[in-house]
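*Asks:* Coordinates for the following, if possible.
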Amino acid sequence: MPEVLEGGARRRTLAEKLEWLRALKTPHGQEPLSYKALAADIATVTGVDISGPYVWELCTGKTTNPKLHHLEAIARYFKVPTAYFTDDQVYQELDPQLQLLKRLKDAGVKQLSLRDFADEAATPDDVQGLLARLGALDAYADERVRDLAVRLSWLAPERQQVVESLLGDDEALDALREPAVRRLAAAASACDPELLATATELVRDPTILEALQDKGARDIARMCPGLSEASQRAVITMIEQLRAVEQARK
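*Replies:* Just a heads-up that it's a prediction; the model follows:
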């Protein structure tokens with residue numbers, strides 16, 4: 001008898017989860033990718049080499065202990081957390097949404113209604129929310145956008161609010177098209193609040209940013225925090241004197 005988890009969900013094996021995701025990835029009315037083609041697709045998308053026979057072994061249960069980097073690549077490919085395969089709690093949280101998504105893709109968003117989900121574990125609010133999101137996106141027929149919408153629904157509420165605020169800010173979205181801006185945002189996420197406040201002030205001052213383009217200015221800035229306040233004032237005085245001398249020579 002299949003093991004039932006707390007909350008009523010049935011525990012799935014790794015092979016069952018993989019086959020379920022393989023089916024979910026398959027467009028309605030089409031045959032799933034062969035294991036060889038699936039392996040090639042995973043390698044192309046993630047950059048991680050994985051063979052068709054190995055994917056077959058995982059999907060059929062012949063192999064039950066995959067290497068971590070393979071499991072991470074498979075998770076990235078199917079756009080689920082790696083913990084979906086290993087953590088019962090994460091599986092229980094995500095599986096109802098995947099079930100709903102499969103029903104939506106199979107039946108067609110425009111033809112679905114709440115009564116179609118009478119036997120689902122999800123609440124009517126869950127279904128209505130997902131129907132509204134995917135129904136609005138259906139006109140675009142863009143699978144990438146649908147995947148992003150589903151991934152957004154898995155984010156924590158505070159992260160969803162951040163994404164929603166960005167979607168309403170055209171200037172921020174335009175800025176984030178630049179790789180340098182994305183790298184800057186990623187670096188800022190590692191700063192503590194005080195450093196982040198300082199960085200925010202710096203980026204608002206073009207004069208400082210222009211000065212910091214010079215390696216010498218950056219070297220001086222790096223060394224100053226190690227000096228006492230009195231020494232820092234002395235350095236500033238010396239720099240002002242040198243600047244006056246340089247200007248007088250011109």
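
*Asks:* Where in this protein is the helix or strand with the lowest mean pLDDT?
*Replies:* helix 124-138 (a mean of 52; mean pLDDT, DSSP states H and E).

*Asks:* Any figure for the gap between residue 100 and residue 24?
*Replies:* In this view, residue 100 and residue 24 are 11 Å apart by C-beta to C-beta, to the nearest Å. No exception for glycine: its C-beta is placed from N, CA and C like everyone else's.

*Asks:* And residue 69, by the same measure?
*Replies:* From residue 69 to residue 24 the distance is 23 Å (C-beta to C-beta).

*Asks:* More neighbours: which of those two?
*Replies:* Set residue 69 next to residue 24 and count neighbours by other C-beta atoms under 10 Å: residue 24 wins out with 16 against 12.

*Asks:* Dump the helix or strand that contains the more buried one to CSV, keeping only the CA atoms.
*Replies:* According to DSSP states H and E, residue 24 maps onto helix 14-25. Only the C-alpha atoms of helix 14-25 are listed here, as CSV (Å, rounded to 0.1, in the frame of the first residue of the first chain):
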residue,chain,number,x,y,z
LEU,A,14,12.2,9.7,-7.2
ALA,A,15,11.3,7.7,-10.4
GLU,A,16,7.6,8.7,-10.1
LYS,A,17,8.4,12.3,-9.6
LEU,A,18,10.7,12.4,-12.6
GLU,A,19,8.1,10.7,-14.8
TRP,A,20,5.5,13.1,-13.5
LEU,A,21,7.6,16.1,-14.4
ARG,A,22,8.4,14.5,-17.8
ALA,A,23,4.7,14.2,-18.4
LEU,A,24,4.1,17.8,-17.2
LYS,A,25,6.8,19.1,-19.6
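
*Asks:* average model confidence for that helix?
*Replies:* On average, the pLDDT along helix 14-25 is 89.

*Asks:* In it, which residues are buried?
*Replies:* 14, 15, 17, 18, 19, 20, 21, 22, 24, 25 (16 or more other C-beta atoms under 10 Å).

*Asks:* Setting aside sequence neighbours, what's the nearest residue to the fifth one?
*Replies:* If I follow you right, that is residue 19. residue 59 (5.4 Å; C-beta to C-beta, 6 or more residues apart in numbering).

*Asks:* right, and that neighbour touches residue 17 too?
*Replies:* No. Under the criterion of C-beta atoms under 8 Å, residue 59 makes no contact with residue 17, lying 9.6 Å away.

*Asks:* Quick check: can you list the domain ranges of this structure?
*Replies:* The chain breaks down into these domains under automatic domain parsing: 1-86, 205-249.

*Asks:* nearest to residue 197, of the ones you listed?
*Replies:* Nearest to residue 197, of all the domains of the chain, is domain 205-249, at 13.4 Å by C-beta to C-beta.

*Asks:* coming back round to it: what angle do helix 14-25 and the helix or strand just after the helix holding residue 24 make with each other?
*Replies:* As assigned by DSSP H and E, the chain's next helix or strand after helix 14-25 is helix 35-46. With axes from the mean of the first three to the mean of the last three C-alpha atoms, to 10 degrees defining the directions, helix 35-46 sits at 80 degrees from helix 14-25.

*Asks:* Can you give me the buried ones in helix 35-46?
*Replies:* 35, 38, 39, 40, 42, 46.

*Asks:* Next: stretch 83-92.
*Replies:* Buried residues in stretch 83-92 (16+ other C-beta under 10 Å): 84, 85, 90, 91, 92.

*Asks:* Which stretches in this protein count as helices?
*Replies:* All helices of the chain, identified by DSSP state H, fall at 14-25, 35-46, 52-60, 68-78, 88-107, 124-138, 143-153, 157-167, 170-175, 179-188, 193-203, 206-211, 215-223, 229-249.

*Asks:* The ones you listed: lowest mean pLDDT?
*Replies:* Checking each of the helices of the chain, the one with the poorest mean pLDDT is helix 124-138, at a mean of 52.

*Asks:* hang on, the earlier thing: list just the nearest of the buried residues of helix 35-46 to residue 249.
*Replies:* residue 46 (59.1 Å).
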